[in-house]
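Peer 1: sequence first, then the predicted structure:
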Amino acid sequence: MQLVIVGLYFALLLGAGLVRKWFPKGEADFLLAGRQVTLLPFIATLVSTSYGWILGVGQVYAELGVSAWFVLSFPYTVGTLLLALFFAKRARKQEFVTLSDLLDRQYGKTVSTVGTLLFVLVCLPSMYLLMAGQVLNFLTNWGMIFSLVAVAVFSSVYLYAGGLKTLIKTDILQFVLMFGGFGMLLVVLVNTHGWEMLNNLPAQKLNMEVDTSLWYIISWFLLAAFTLIDPNFYQRIYAVNRPQTARTGLLLSVLIWTIFDFLAGATALYGLVLLPESNDHTLIYLELGASQLSPALAGLFFVALLSAIMSTADSLIFYSSVTLAKDFFHRNDWLKRIPLQKLTRFCLFGVTLGGLLICLPYRHGSSIDLFFDLFPITVSALLIPVLTAYFPRWNLNPGWSLLQILSSALVCTLYMVFQKELSTEWEILATINGVYPGLAVSLLIYLIGIWNPGPQSQS
């Protein structure tokens, strides 16, 4: 029964990609849904694509308890509010297609090309293919490699014809499935066991005091600053019908995320009580659904998990493909004879393959490991250059900007590679994420470049 319901879900997504009236009527329609996305679809696609890391969410709630909200959600809430209040309307008025367009305008082609490669790195769907593979393997016992290949193939196929318009239509469906599935599970748990069961949890799981190092907490806030430069967010901001829609949609999305935080956190806490023997918290939602729901309801809940994951995976695949085709190949006058829409479709499969290859070494691990290995590099390299690009008075010249991006990415990468060896000499380094030295180098070069701009270099 569970496999039948999951199979119907995949068939429904595939069918959505074949609805002819949703096919794009031109390049702008394919890339940005004609810039006509209204408020409710904008909110649905933002919320659904922001919870792709759902198995990681369950893992962190299981490990930290209710205080997980402070490291998981609060930093992203702050980042989204800043994006809504200070950048969203400004971004929409500029009518770019990708964030690399902003870098190109302010810093030139070379900086834009390097930025594009970093955006593609962080937008590869590796984490989400890993989690979708974990769900499929849990249901089928096909083995992780076969499960990963299966979800990788499927995740790009239904984007081929429709582009962003189809993606947003499917996100609306997946938004409903996410909330419906988690809401249904929580209702069943409360009706069956009552809220009092949660009192059996250790006291530290029920208070907001985070039982971890301050360096760890701050690193979550620094990494959450990625919200301010998240290409997935900006693609949707560029696609809305007017600037005010972007701001209002982001603000309302914060409220809706908070509701889903409650659903995700409460169900994970029930899992801690009901599954005391579980040793793998990455599977806590899967084991909870299988043990507490009837086969039919469990199938619906697994679809809710897949909806959260797949809505993010397909969004990242599409954005990476667009920016690779437009900002890497076409901007550098490579493959110009291939129309952008067609080239983007080719890139869909290359991006999916890249994401698959990256997640294969992590197939027995956690999406959290992938998160902490990939995100610090891009946040370190691009946070300051992208945010200052909105304020020309505070821009570095192209030469300084290129040095800033490359140096911070290199320092962050080297630090993470050698962190284990370094921490044997300096124990404190074991708790300091690579985003710290990366951002420190970025800020240092920025300050030097602002005080001593030198001649305007050519990109």
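Peer 2: Happy to help now that I have it.
Peer 1: shaky segments in the stretch 1-150 of the chain?
Peer 2: Across the stretch 1-150 of the chain, the ranges flagged by pLDDT under 70 are 20.
Peer 1: go again using 90 as the cut-off
Peer 2: Low-confidence segments of the stretch 1-150 of the chain (pLDDT under 90): 1, 12-29, 51-53, 71-72, 95.
Peer 1: just the helices in it please.
Peer 2: Listed in chain order, the helices of the stretch 1-150 of the chain (DSSP state H, counting those that start in this stretch) span 2-16, 27-32, 39-50, 54-64, 68-72, 74-82, 88-94, 99-107, 109-123, 126-140, 144-157.
Peer 1: elements contacting the fourth one?
Peer 2: Just to be clear, that refers to helix 54-64. Helix 54-64 sits against helix 68-72, helix 126-140, helix 243-274, helix 284-292, helix 295-323, helix 367-388, with contacts defined as 3 or more Cβ pairs under 8 Å, 6 or more residues apart in numbering; DSSP states H and E. Where you see a C-beta, it was placed from the backbone N, CA and C, and this is true even at glycine.
Peer 1: dump these to CSV, plus mean neighbour count and distance to residue 443.
Peer 2: As requested, these are exported to CSV (neighbours: other Cβ atoms under 10 Å; distance: least, Cβ to Cβ, whole Å):
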stretch, mean neighbour count, distance to residue 443
helix 68-72, 21, 23
helix 126-140, 25, 27
helix 243-274, 20, 26
helix 284-292, 21, 38
helix 295-323, 25, 26
helix 367-388, 22, 7
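Peer 1: so which of those gets nearest residue 46?
Peer 2: Of all those, it is helix 243-274 that lies closest to residue 46, at 4.6 Å by Cβ to Cβ.
Peer 1: give me the mean pLDDT for the closest one.
Peer 2: When pLDDT is averaged over helix 243-274, the result is 97.
Peer 1: chain center to it: distance?
Peer 2: Remark: helix 243-274 is offset 15 Å from the chain centroid, using Cα atoms, centre = their mean, to the nearest Å.
Peer 1: packing partners of that helix?
Peer 2: Counting contacts by 3+ Cβ pairs under 8 Å, 6+ apart, helix 243-274 packs against helix 39-50, helix 54-64, helix 68-72, helix 74-82, helix 88-94, helix 163-193, helix 284-292.
Peer 1: quick one: closest of these to residue 140.
Peer 2: Between residue 140 and those, the tightest spacing by Cβ to Cβ is seen for helix 284-292, at 12.2 Å.
Peer 1: pLDDT averaged over the closest one, what's the number?
Peer 2: For helix 284-292, the mean pLDDT works out to 97.
Peer 1: again, but for stretch 220-235
Peer 2: 94.
Peer 1: centre of the chain versus that stretch, how much separation?
Peer 2: Offset of stretch 220-235 from its chain centre (Cα atoms, centre = their mean): 9 Å.
Peer 1: what's the span of it, first residue to last?
Peer 2: 24 Å (Cα to Cα, to the nearest Å).
Peer 1: go on, stretch 216-232?
Peer 2: Note: stretch 216-232 ends 26 Å apart using Cα to Cα.
Peer 1: out of the helices of the stretch 1-150 of the chain, which is the most enclosed?
Peer 2: helix 126-140 (a mean of 25; mean count of other Cβ atoms under 10 Å).
Peer 1: could you tell me the angle between that one and helix 2-16?
Peer 2: In terms of direction (axes from the mean of the first three to the mean of the last three Cα atoms, to 10 degrees), helix 126-140 departs from helix 2-16 by 140 degrees.
Peer 1: which strands and helices sit next to helix 126-140?
Peer 2: Packing contacts for helix 126-140, counted by 3+ Cβ pairs under 8 Å, 6+ apart, involve helix 2-16, helix 54-64, helix 144-157, helix 284-292, helix 295-323, helix 340-359, helix 367-388.
Peer 1: could the helices and strands packed on helix 243-274 be laid out in a markdown table, adding distance to residue 318?
Peer 2: What follows is those, written out as a markdown table (distance: least, Cβ to Cβ, whole Å):
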| stretch | distance to residue 318 |
| --- | --- |
| helix 39-50 | 10 |
| helix 54-64 | 20 |
| helix 68-72 | 25 |
| helix 74-82 | 21 |
| helix 88-94 | 19 |
| helix 163-193 | 6 |
| helix 284-292 | 26 |
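Peer 1: what's the closest of the ones you listed to residue 350?
Peer 2: Of these, nearest to residue 350 by Cβ to Cβ is helix 163-193, at 16.5 Å.
Peer 1: avg pLDDT for the closest one?
Peer 2: Here the average pLDDT along helix 163-193 is 95.
Peer 1: this completes my enquiry, with thanks.
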